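Visitor: Take this sequence and fold it.
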Amino acid sequence: MPGFIGVYNLLKEHKHEFVVITARGGLIKEMKDDAIRLLEENSIKFDKYYWQVEDKLEICKKEKIDIMIDDDWKIIKKLADNKIKTLYFRDTNLVELEESEYIKEVNNWGKIYRYIKEC
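Guide: Numbering: from 1, shown residues only. Here you go, the predicted model:
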């Protein structure tokens, strides 16, 4: 996504950790391979990876995730209901959620960077 690499580099400079929690590799095994290839091509290395995840809440709790970024409104709602701060990366055609202490809507990596920087 446009802007990700720059924001990733800035946040890594400030010692933020990145944990990938994704369903990729579950139903379509090649999606995991494609994701890994793209990460390697762009020299992006996350601190931890969780592939083929069905319940992101369980991993978020285990890892004590401060902020979860996702584009699935059902996942955002479930995490927010469990008091995990979320950034809802919402495209214009996705379900709108009411913002709260635990839900903040974003649509680009600049907004994500500014939010994390303020926390």
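Visitor: Pull the residues that contact stretch 94-106.
Guide: 69, 71, 73, 76-77, 79-81, 83-90, 112, 115 (C-beta atoms under 8 Å, 6 or more residues apart in numbering). Placement of C-beta: from N, CA and C, glycine included.
Visitor: Give me the neighbour count for V19.
Guide: Counted with other C-beta atoms under 10 Å, residues neighbouring V19 total 16.
Visitor: doesn't K48 make contact with it?
Guide: Yes - with contacts defined as C-beta atoms under 8 Å, V19 counts as touching K48 at a distance of 4.5 Å.
Visitor: Spit out the residues that contact those two alike.
Guide: Taking C-beta under 8 Å, 6+ apart as the contact criterion, the residues that touch both V19 and K48 are E63.
Visitor: Okay, R24 and Q52: tell me how far apart.
Guide: 7 Å (C-beta to C-beta, to the nearest Å).
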